[in-house]
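Asks: Coordinates for the following, if possible.
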Amino acid sequence: MHRIGIDLGGTKLEGIVMNAQGEVVELKRISTPPNYFDTIKAIWEMVQSFDDVVGEVCPVGLGTPGAWVAERGVMKNCNSTFLNEKPFVHDLQKLLNRPIRIANDANCMALSEAVDGAGAEANCVFGVILGTGVGGGCVVGQQLLDGPNLLAGEWGHNPFPLVPPNANLSFDLAEHPRDCYCGRVSCVETFLSGRGLETTHYELHGSRMSARDIGRGTSKETLHTIDEYIEQLSIALAVVVNILDPDTIVIGGGLSNIQRIYDKLPSLLTRYAFSSDGKTVVRQAKYGDSSGRRGAAWLFPATQ
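Replies: Next up, the predicted model:
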């Protein structure tokens, strides 16, 4: 059986059709339409084209940057705000007339990497997205955890932890609070997102640079900023290690391409987590930008 995965992002709508072995049959990418009706229509057209390619009616998994509240039958917390409070899944179900499953985009990334990606050998995988925002998802035994509040893995909106005395940071984060779009102050996302990295660089060196340029930089100043960022990342992830104790942490998103992270983060986790063994493995996402749509497709396991 083939399965379709749709990754609905704020700027792009991506789709994939895969066979039971996880092999890609067809890929599509378009710009995300600007309104609810056109988005529904674009997904319908993409799914129909995939059906035509494989000659069967395929189940559809959806990855979105929000959450589907089944009890009320509406979406919430979507950065594509036209989806909020809309019966998105019900409307697609009426049009497509087939099995549909939905999950948060970070959960889809974690599932993709746990099934046949960088965490394929692990029982417990924590997937981290470091990009425009900061998200996460948890997979145990290749099954997503979501929780009654649909918040499992949402570490990006935890308050940044109290910095321990042995931290190697240039300034006290508590004295540099940052407002978060969610209405709270100093969420993890305000430090570890792309914008957070840019702010840290400005606070350290007084110059403005894009997160991409900082991540690619080799100057003394940019390397200092990156090391500061990795220190912050290790403190925030140590909380996850203490609570969840994952076998593998898989990192995706634009900032996951900073290779210095994988050189330094494992030993720093050992410093800040409540263990000196350091058995948690840290890896870059195998499938990069494709992890979201692959994970959406894997909402229908190969055994189904």
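
Asks: hang on, isn't P59 packed against R3?
Replies: Yes - taking contacts as C-beta atoms under 8 Å, P59 lies within contact range of R3: 5.4 Å. To be clear about C-beta, it is placed using only N, CA and C from the backbone, and glycine gets the same treatment.

Asks: anything in contact with each of these two?
Replies: By the contact definition C-beta atoms under 8 Å, 6 or more residues apart in numbering, P59 and R3 are jointly contacted by F300.

Asks: So between those two, which is more surrounded?
Replies: A count of neighbours by other C-beta atoms under 10 Å puts R3 above the other of P59 and R3, at 26 against 18.

Asks: State the phi and psi torsions of that one.
Replies: phi -140, psi 150 (degrees, to the nearest 10).

Asks: Beta-bridge partners for it, please?
Replies: In this structure, R3 has beta-bridge partners M18, where bridges are defined by DSSP bridges.

Asks: Any stretches of the protein with poor pLDDT?
Replies: Low-confidence segments of the chain, defined by pLDDT under 70: 303-304.

Asks: Okay, strands next: where are they in it?
Replies: Taking DSSP state E as the criterion, the chain contains strands spanning 3-8, 12-18, 24-31, 60-64, 67-69, 74-76, 100-104, 124-130, 134-140, 143-145, 248-252, 281-284.

Asks: For burial, what's the neighbour tally of the nearest residue to D247 once chain neighbours are set aside?
Replies: Leaving aside its chain neighbours, D247 sits nearest to A122 (3.7 Å; criterion: C-beta to C-beta, 6 or more residues apart in numbering). A122: 22 surrounding residues under other C-beta under 10 Å.

Asks: Surely L111 touches N104?
Replies: No - L111 sits out of contact with N104 when judged by C-beta under 8 Å, with a separation of 10.2 Å.

Asks: Give me the common contacts of those two.
Replies: In terms of C-beta under 8 Å, 6+ apart, L111 and N104 are both contacted by the residues G137.

Asks: So if I had to pick from those two, which one is more boxed in?
Replies: L111 (31 against 27).

Asks: how much space between that one and A122?
Replies: According to C-beta to C-beta, to the nearest Å, L111 stands 12 Å off from A122.

Asks: Which residues in stretch 46-60 does the neighbour count mark as buried?
Replies: Taking 16 or more other C-beta atoms under 10 Å as the neighbour-count basis, stretch 46-60 is seen to contain the buried residues 46-47, 50-51, 54, 57-60.

Asks: Repeat that for stretch 258-277.
Replies: Residues of stretch 258-277 classed as buried under the neighbour-count rule (16+ other C-beta under 10 Å) are 258, 261, 264-266, 268-273.

Asks: again with stretch 297-304
Replies: Residues of stretch 297-304 classed as buried by neighbour count (16+ other C-beta under 10 Å): 297-300.

Asks: what does stretch 111-121 give?
Replies: Buried residues in stretch 111-121 (16+ other C-beta under 10 Å): 111-119.

Asks: how long is it end to end?
Replies: 13 Å (C-alpha to C-alpha, to the nearest Å).

Asks: What is the distance between it and the centre of its chain?
Replies: If you compare the mean C-alpha spot of stretch 111-121 with that of the full chain, they lie 14 Å apart, counting by C-alpha atoms, centre = their mean, to the nearest Å.

Asks: got it, and stretch 248-255?
Replies: 8 Å.

Asks: Touching it from outside, list them.
Replies: Contact partners of stretch 248-255, identified using C-beta under 8 Å, 6+ apart, comprise 109-110, 113-114, 117-119, 121-122, 124-132, 192, 194, 197, 211-212, 215, 237, 240-241, 261, 280-285, 288, 291.

Asks: what's near enough to touch the closest residue to D116 other than its chain neighbours?
Replies: Excluding the flanking residues, the one nearest D116 by C-beta to C-beta, 6+ apart is G22, at 5.0 Å. Contact partners of G22, counting by C-beta under 8 Å, 6+ apart, are 115-116, 294, 298, 302.

Asks: Keep only those of the buried residues of stretch 46-60 that are in helices.
Replies: When the buried residues of stretch 46-60 are checked against helices using DSSP state H, the ones located there are 46-47, 50-51, 54.

Asks: ok, of the contacts of stretch 248-255, which come out buried?
Replies: So, by 16+ other C-beta under 10 Å, the buried ones in the contacts of stretch 248-255 are 109-110, 113-114, 117-119, 122, 124-130, 132, 192, 194, 197, 211, 215, 237, 240-241, 261, 280-285, 291.

Asks: Residue ranges of each domain in the protein, please.
Replies: Under automatic domain parsing, the residue ranges defining each domain of the chain are 3-108+289-297, 120-285.

Asks: which non-adjacent residue is nearest L233?
Replies: Across the structure, with C-beta to C-beta, 6+ apart as the measure, the residue nearest L233 apart from its sequence neighbours is L192 (5.8 Å).

Asks: That's all I had, so thanks and see you.
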